[in-house]
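Visitor: attaching a predicted model along with its sequence, questions to come.
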Amino acid sequence: MKESIKELTKAEEQVMRILWQLNEAIVKDVVEQMPEPKPAYNTVSTVIRVLEGKGFIDHKAYGNSYVYFPTISEENYKKFALDKIMNNYFSNSYQSLVSFLVSEKNLGINELEELTKLAENLKNKKQ
């Protein structure tokens with residue numbers, strides 16, 4: 001499934017976050033969840049059709065109304081996005097990623113200990 005996931009534009013990601021939160025919605029529901037200034041109904045409808053074309057969402061028809069729902073989970077998209085970041089910016093090195101986080105986000109000792117525990121737990125699960 002990972003291979004079929006495509007990168008989302010900012011507008012597409014905004015719509016997907018709303019659909020992941022609501023689980024299913026009509027276009028009007030999505031528009032209502034958006035921050036001010038709200039985009040036009042037709043703009044959101046177009047983004048939804050693009051997302052459907054990319055395979056991120058599907059719909060159920062109820063008369064003239066379409067109810068849209070995600071076909072790719074937020075978790076799967078997060079994995080795809082992290083893999084892309086890891087590959088493009090950190091040469092697939094988690095050490096480089098952690099080093100970047102420590103230097104850029106000024107992580108404290110408690111946060112570093114949390115990261116270490118998390119890494120150890122993940123390592124133990126894989127064994």
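Guide: Alright, I've got the coordinates.
Visitor: drop to CA atoms for contacts and neighbour counts, all remaining ones
Guide: Fine.
Visitor: residue furthest from the geometric center of the protein?
Guide: For the chain, the residue at maximal distance from the C-alpha centroid (Cα atoms, centre = their mean) is residue 63, at 30.6 Å.
Visitor: now do it, the pLDDT please.
Guide: At residue 63, the pLDDT value in this model is 92.
Visitor: and it, what is it in contact with?
Guide: Taking Cα atoms under 8 Å, 6 or more residues apart in numbering, we find residue 63 in contact with no residue.
Visitor: also residue 69?
Guide: Applying Cα under 8 Å, 6+ apart to residue 69 gives the contacts 19, 23-25, 57-59.
Visitor: so it, which of the three states?
Guide: strand (DSSP: H, G, I helix; E, B strand; the rest coil).
Visitor: against residue 109, how distant is it?
Guide: For residue 69, the distance to residue 109 equals 42 Å [Cα to Cα, to the nearest Å].
Visitor: same check on residue 53?
Guide: When Cα to Cα is the yardstick, residue 53 and residue 109 sit 46 Å from each other.
Visitor: what does the model give the nearest residue to residue 18 once chain neighbours are set aside for pLDDT?
Guide: In this structure, residue 18 finds its nearest non-sequential neighbour in residue 30, 6.4 Å apart by Cα to Cα, 6 or more residues apart in numbering. Per-residue confidence (pLDDT) for residue 30: 97.
Visitor: centre of the chain versus the lowest-mean-pLDDT helix or strand in the chain, how much separation?
Guide: Every helix and strand in the chain was compared by mean pLDDT, DSSP states H and E; the lowest is helix 109-126, with a mean of 76. When C-alpha coordinates are averaged (Cα atoms, centre = their mean, to the nearest Å), helix 109-126 and its chain have centres 23 Å apart.
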